[in-house]
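# coords please:
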Amino acid sequence: MIRDASNEPLDDAVLEEFSLDALSWDTVSRYRAVVSAVRPNHPWLKLDDEELLVKLNAIGRTNGEGEFHPTRAGLLMFGFEHEIVKEYANYFLDYREADHERRWADRIVSQDGTWTGNLFDFWTEALPRLTGGLKKPFALDSNLQRIEDTEMHAAIREALANALVHSDYYGRRGIVALRYSDRIEIANPGNSRVALDVVRAGGISDARNPTLMRMFGLISACERMGSGFDVMSNAAKAASAPPPEIEELFNPDRVMVKVYTGKLSAFYLDTDAPSNSSPSETNHTPASSSSAQPSVPAPQLALSHDLAKIVEVAQEKGGFTRRDVESALNCGATKAKGLIAELLGMGIIASEGSARGTRYRLR
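Purely as a prediction, here's the structure:
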């Protein structure tokens with residue numbers, strides 16, 4: 001309460017006890033590359049790394065004098081995890097992908113020591129995984145280039161960016177991002193600084209970490225302040241999915257957001273369609289629910305990491321062979337055959353041809 005009552009941004013405070021050695025300059029280079037891709041003509045790209053960090057308010061001097069030190073935001077965004085926890089004892093980032101066969105099919109944690117553990121590198125690792133299970137409907141822009149983004153991609157970006165910029169990093173339990181077959185759940189420490197009904201209505205934002213928000217805004221991760229929940233709601237409508245949910249939890253204080261992916265999930269199936277129908281004959285309208293309460297479009301199948309990967313290969317290629325599975329999963333023929341048989345048994349794929357000429361496609 002005391003921290004949130006301050007009129008000064010808490011994340012731009014200079015940390016005198018840290019030197020610039022607490023920052024990963026490789027992360028700074030990766031951040032610069034993303035800025036260059038998103039805003040190729042931005043004037044800050046002409047600055048050296050130290051000058052860029054000054055502009056970002058990632059580093060500063062105490063009272064404008066002496067050597068540069070990281071700010072709180074700079075340490076979180078670009079620092080090494082073992083340095084970050086010296087300031088934020090409960091700092092923890094966690095991405096997990098649910099699997100009905102094993103507890104988690106994929107996981108990234110900030111403290112495993114194999115990567116920097118900072119916010120930017122977590123963003124670049126977790127976001128592709130959170131959106132990796134989304135279908136990409138065929139569409140072209142005005143330049144006849146394939147549009148790789150959907151409203152649901154934007155919604156998940158907003159959900160993750162909001163968690164990173166609104167977290168109370170002094171709070172407990174850290175940031176947890178979970179991917180399920182039908183939804184994304186992201187929770188962050190700290191309560192909501194804006195009443196939840198106002199959040200749902202949109203138009204008002206009160207970032208707990210405004211310096212972090214500017215840093216993510218420069219890479220177009222959260223550029224529309226106060227409109228994040230609108231983006232999620234519009235994506236849900238477009239995907240025929242239940243509306244997004246936001247909830248405050250207490251002891252410890254946390255905010256949880258759920259985004260349902262509906263028809264854009266790679267795991268979405270319509271069992272009302274005949275099992276032997278061709279792709280052009282299949283009706284992809286969600287089955288209606290007899291319940292009066294909103295529910296996830298039925299049915300949803302939770303696939304293992306390996307099965308989901310085969311589905312993604314099938315989407316990308318339009319069809320696949322057993323050798324494609326072996327290559328994608330780096331496995332032997334026996335395992336590939338078993339996985340293909342499992343997908344055939346679930347009715348997700350159909351076979352064409354025979355013997356060595358056998359190919360498979362999504363139903």
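
# mind checking the backbone torsions on residue 208?
Main-chain torsions, residue 208, degrees, to the nearest 10: phi -70, psi -30.

# For it, give its distance to residue 332.
Using Cβ to Cβ, to the nearest Å, residue 208 is found at 50 Å from residue 332. For glycine as for every other residue, the C-beta is placed from the backbone atoms N, C-alpha and C.

# and these two? which has more neighbours close in?
Taking neighbours as other Cβ atoms under 10 Å, residue 208 and residue 332 compare with residue 208 leading, 21 against 9.

# Tell me how this protein divides into domains.
Domain ranges of the chain: 2-263, 305-362, per automatic domain parsing.

# Buried deepest among those, which one?
Most buried of the domains of the chain by mean neighbour count (mean count of other Cβ atoms under 10 Å) is domain 2-263; its value is a mean of 18.

# host element of residue 337?
Element membership for residue 337, per DSSP states H and E: helix 333-346.

# Show me what that helix is packed against.
Helix 333-346 is packed against helix 305-317, helix 322-329, strand 349-352, strand 359-362, with contacts defined by 3 or more Cβ pairs under 8 Å, 6 or more residues apart in numbering; DSSP states H and E.

# For those, give me a markdown table that also has mean pLDDT and distance to residue 12.
Supplementary listing: the helices and strands packed on helix 333-346 in a markdown table, determined by pLDDT from 0 to 100; distance: least, Cβ to Cβ, whole Å:
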| stretch | mean pLDDT | distance to residue 12 |
| --- | --- | --- |
| helix 305-317 | 84 | 40 |
| helix 322-329 | 90 | 45 |
| strand 349-352 | 84 | 53 |
| strand 359-362 | 88 | 50 |
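
# can those go into TSV with extra columns for distance to residue 63?
Below are the helices and strands packed on helix 333-346 laid out as TSV (distance: least, Cβ to Cβ, whole Å):
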stretch	distance to residue 63
helix 305-317	52
helix 322-329	57
strand 349-352	66
strand 359-362	63
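
# which stretch among these comes nearest residue 18?
For the helices and strands packed on helix 333-346, the distance to residue 18 is smallest for helix 305-317, at 38.1 Å, taking Cβ to Cβ.

# Residue 91 is in contact with residue 172, correct?
No: with contact defined as Cβ atoms under 8 Å, residue 172 does not count as touching residue 91 (10.5 Å).

# give me the low-pLDDT residue ranges for the stretch 151-300 of the chain?
193-196, 198, 200-205, 223-227, 266-300 (pLDDT under 70).

# again, 90 this time
151, 154, 171-173, 180-182, 190-208, 220-241, 246, 248-253, 262-300 (pLDDT under 90).

# does residue 82 sit in a helix or strand, and which one?
Per DSSP H and E: helix 81-87 holds residue 82.

# which strands and helices sit next to the helix or strand following that helix?
From helix 81-87 onward toward the C-terminus, using DSSP H and E, the following helix or strand is strand 93-98. Applying 3+ Cβ pairs under 8 Å, 6+ apart, one finds that strand 93-98 makes contact with strand 104-109, helix 119-131, strand 175-179.

# and with 10 Å instead?
strand 104-109, helix 119-131, helix 151-166, strand 175-179, strand 183-189, helix 305-317 (3 or more Cβ pairs under 10 Å, 6 or more residues apart in numbering; DSSP states H and E).

# how about the ones you listed, which one is nearest residue 31?
Here helix 119-131 is closest among the helices and strands packed on strand 93-98 (Cβ to Cβ), at 5.5 Å.

# Report the rounded mean pLDDT for the closest one.
The pLDDT scores in helix 119-131 average 93.

# How far off centre is it?
6 Å (Cα atoms, centre = their mean, to the nearest Å).
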